[in-house]
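Peer 1: sequence first, then the predicted structure, then my questions.
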Amino acid sequence: MKPSPVESKTTAPIELAEGLEGEALVADGLDQLNFAGEVFDRGKFRNGKTTINISKPGNVKFVTVDIEKKEVLIANRSFGFIDTLRYLHLNPGPHKHPTWIFSKAWGWVADGTVYIALFLTLSGIYMWTVLRAERKADILALGSGAVAFFVILYGLIAL
Amino acid sequence: MKTNSAVFEKWNKKNHIYLGLFLLLFLWIFCVSGLFLNHPEWFHGKPERTSVDKPVDMLDGGDQITKARHLMDQLELKGEALFQGAPKAGVFGFVAMRPDELTFVNVNLETKVAKVTHVEGNFDQMLRNLHTFSGVRPIWREKESKRDWLPTILWSISIDALSIGVTFRIVVKRS
């Protein structure tokens, strides 16, 4: 069974320059707190507060900045191995352009894996066409795979 | 007499070719759709959305899926019935999902009129949905998350087979 995330809350003082808002506030706040990760917030205030979500594989921090009290509430949530794998599988993903260098690097790794897989399969097919042994059984494997693929796809989008 | 390792080597070589050829198209679609998911900026197509109101007959008994299936038959909808979050008072709502289209159905339980909103996706959205569509969506906080459409069951089995096949091929190297 998947373990529940471990949660903790702490507060810390923060010094923010007058009138600082938006991405500049987020960047300044994170610098002071020495936090790094993928940031999901634009620093828009509502009732004198804004919550910044900072995500890393296996960890999410919700930092609520209270401008009047000059204080931040840090809710820290740590996840187990399965959730960390899940995060790595889903990110960067289509919903947000990565801004953290390690998220970007992970996106490049994902792209690279796809290009390598395509290259290996295409070169494998080329090798297979040159290799003449057991052609019947191979075509049967390829054909049955293709039939399974198109039958399911037909069911999914055309039925 | 052949040794065990020679027998395994021969079996492993054959298995490499047969398994690779069988799973080839599945692997390609996940590769290409993975790229599409990672680069949403490559495509800018917006889905087409149309809404229509239709009178429907609601089942009195049965679970959520049975009710949804009954409505889908009347509305001639095909796909996986998904439920988003907690039900709203006075409304029976669900989504009939297929990789190429989404249909939001919201039935006013008093008037027995269904608002049917059809969202027709384009090619890149269909590819992305094929990558992520397993028939269950934990992100939608379904109360009973289970697959109820045969093509989705087969597709999710294919995804599992591909994952197991690829992992097996990586772990057991070709001799």
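Peer 2: Thanks, I have it. All values derive from a computational prediction rather than experimental measurement.

Peer 1: give the buried residues for the strand or helix carrying A:Glu23.
Peer 2: Using DSSP states H and E, A:Glu23 sits in helix A:22-33. By neighbour count on 16 or more other Cβ atoms under 10 Å in any protein chain shown, the buried set for helix A:22-33 is A:Leu25, A:Val26, A:Asp28, A:Gly29, A:Leu30, A:Leu33. Backbone N, C-alpha and C define where each C-beta goes, glycine included.

Peer 1: try stretch B:79-94
Peer 2: By 16+ other Cβ under 10 Å, the buried positions in stretch B:79-94 come out as B:Gly79, B:Glu80, B:Ala81, B:Leu82, B:Phe83, B:Phe92, B:Gly93, B:Phe94.

Peer 1: tell me the gap between it and the middle of its chain.
Peer 2: Put simply, stretch B:79-94 sits 17 Å off its chain's centre (Cα atoms, centre = their mean, to the nearest Å).

Peer 1: quick one: mean pLDDT over it.
Peer 2: Averaging pLDDT along stretch B:79-94 gives 87.

Peer 1: which residues touch it?
Peer 2: Contacts with stretch B:79-94, where a contact means Cβ atoms under 8 Å, 6 or more residues apart in numbering or on different chains, come from B:58, B:64-65, B:67-69, B:71-72, B:95-98, B:101, B:103-110, B:133, B:135-137, B:140-144, B:147-149, B:152.

Peer 1: next: stretch A:85-95.
Peer 2: Stretch A:85-95 has contacts (Cβ under 8 Å, 6+ apart) with A:38, A:55, A:57-58, A:79, A:98, A:103-104, A:106-107, A:110, B:36-38, B:40, B:128.

Peer 1: tell me the buried residues within these.
Peer 2: Buried members of the contacts of stretch A:85-95, counted by 16+ other Cβ under 10 Å: A:38, A:55, A:57-58, A:79, A:98, A:103, A:106-107, A:110, B:36-38, B:40, B:128.

Peer 1: among the residues you listed, which one has the lowest pLDDT?
Peer 2: On pLDDT alone, B:Pro40 ranks lowest of these, at 84.

Peer 1: list the contacts for A:Tyr126?
Peer 2: By Cβ under 8 Å, 6+ apart, the contact set of A:Tyr126 is empty.

Peer 1: any idea how far the closest residue to B:Gln64 other than its chain neighbours is from chain A?
Peer 2: Computed as Cβ to Cβ, 6 or more residues apart in numbering or on different chains, the closest residue to B:Gln64 that is not its neighbour in sequence is B:Phe83, at 6.0 Å. Distance, B:Phe83 to chain A, using Cβ to the nearest Cβ, to the nearest Å: 20 Å.

Peer 1: who's the nearest residue to A:Val6 once chain neighbours are set aside bridged to?
Peer 2: Excluding the flanking residues, the one nearest A:Val6 by Cβ to Cβ, 6+ apart is A:Ser78, at 4.6 Å. A:Ser78 has these beta-bridge partners by DSSP bridges: A:Val6, A:Asn59.

Peer 1: pick out the residue nearest the middle of the chain.
Peer 2: Defaulting to chain A. Residue closest to the average C-alpha location in chain A (Cα atoms, centre = their mean): A:Asn91, at 1.8 Å.

Peer 1: oops, I was thinking of chain B
Peer 2: Compute the mean C-alpha point of chain B, and by Cα atoms, centre = their mean the closest residue is B:Phe133, 3.0 Å away.
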